[in-house]
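build me a model:
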Amino acid sequence: MPDEIGLFEAIYSQRAIRRLKPDPVSDELVDKLIEAATKAPSGGNTQPWAFVVVRDAGAKRAIGEWYLDAWNRTYGAIPQDQRGNLPANLTRVYGAAEHLANHLAEVPVFIIACIKGAARAGRGHTAGFYGSIYPAVQNVLLAARGLGLGASLTTLHKLHEDEVKELLGIPDDVETVALIPVGHPIGRYGPTTRAPVAEVTHYERWGGAKGG
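Next up, the predicted model:
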């Protein structure tokens, strides 16, 4: 087990890692990621999550084909001449995301985060419903950073939700929320580039200044 880093070091340097080595990731590390997920808060402490760990080459290949189809129908549909107009940082992100779409099946392990009770969630409770799974997903991402692994939150597979669920035997009342590719990173972690706190914070009301 790699030496763990501090919480704030993980927060400040964690970013989406989409270029991953095909080298195996141990069961011990995967279990550690999922254990971190289960420590997240959930509405009423219902803990409605479930996690499907996918290592099988055939299953990864099928999911990879669906994922690539979804990429080609969405982000991949951006005309080549328009891609050059993207800001430099988005060009890098686009390139990494395109790489993942074309190489997803080579990633050593997928963790598919699911939430139970999808059919029972009323439309008026959608935000609260997903609020009980995304903290768990973020815990996986932070734990991956802490353990020296690369990971990212992806959702393109949901364009083929029914096929993915059938392939993996996921019940009708369970929704897949995120596909998290996990592996040893190619490249580096942060530091990340983010807007300053002062640019995104409003005090007392929208537009309110600190101490105003």
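
from now on I want contacts and neighbour counts done on CA atoms only, so please keep to that.
Fine.

helix or strand right after the longest strand anywhere in the chain?
Longest among the strand segments of the chain by residue count, using DSSP state E, is strand 174-183. Next along the chain after strand 174-183, taking DSSP states H and E as the criterion, comes helix 197-200.

show me what that following helix is packed up against.
The elements that helix 197-200 packs onto, with contact taken as 3 or more C-alpha pairs under 8 Å, 6 or more residues apart in numbering; DSSP states H and E, do not include any helix or strand.

offset the numbering so it begins at 14, please.
Taking 14 as the first residue, the last one we looked at is helix 210-213.

thinking again about what came up before, I'd like the average pLDDT over the longest strand of the chain.
Model confidence over strand 187-196 averages 96 on the pLDDT scale.

just the buried residues of that strand, please?
187, 188, 189, 190, 191, 192, 193, 194, 195, 196 (16 or more other C-alpha atoms under 10 Å).

residues contacting the helix or strand residue 82 falls within, please?
When elements are assigned from DSSP H and E, residue 82 belongs to helix 70-86. With C-alpha atoms under 8 Å, 6 or more residues apart in numbering as the contact definition, helix 70-86 has outside contacts at 67, 90, 111, 114-119, 123, 169-170, 172-173, 177, 180.

buried residues, that helix. List them.
73, 76, 77, 78, 79, 80, 81, 82, 83, 84.

and the fifth one, how far from residue 166?
Same thing as residue 79. As defined by C-alpha to C-alpha, to the nearest Å, residue 79 lies at a distance of 16 Å from residue 166.

cool, and the fourth one?
Between residue 78 and residue 166 the distance is 18 Å, computed by C-alpha to C-alpha.

where's residue 105, which helix or strand?
Following DSSP H and E, one finds residue 105 within helix 101-116.

low-confidence ranges, the chain, go.
14-17, 93-104, 131-141, 225 (pLDDT under 70).

hmm, 50 instead?
136-137 (pLDDT under 50).

and the residue nearest the centre of this structure?
For the chain, the residue sitting closest to the mean C-alpha position, by C-alpha atoms, centre = their mean, is residue 166 at 1.2 Å.
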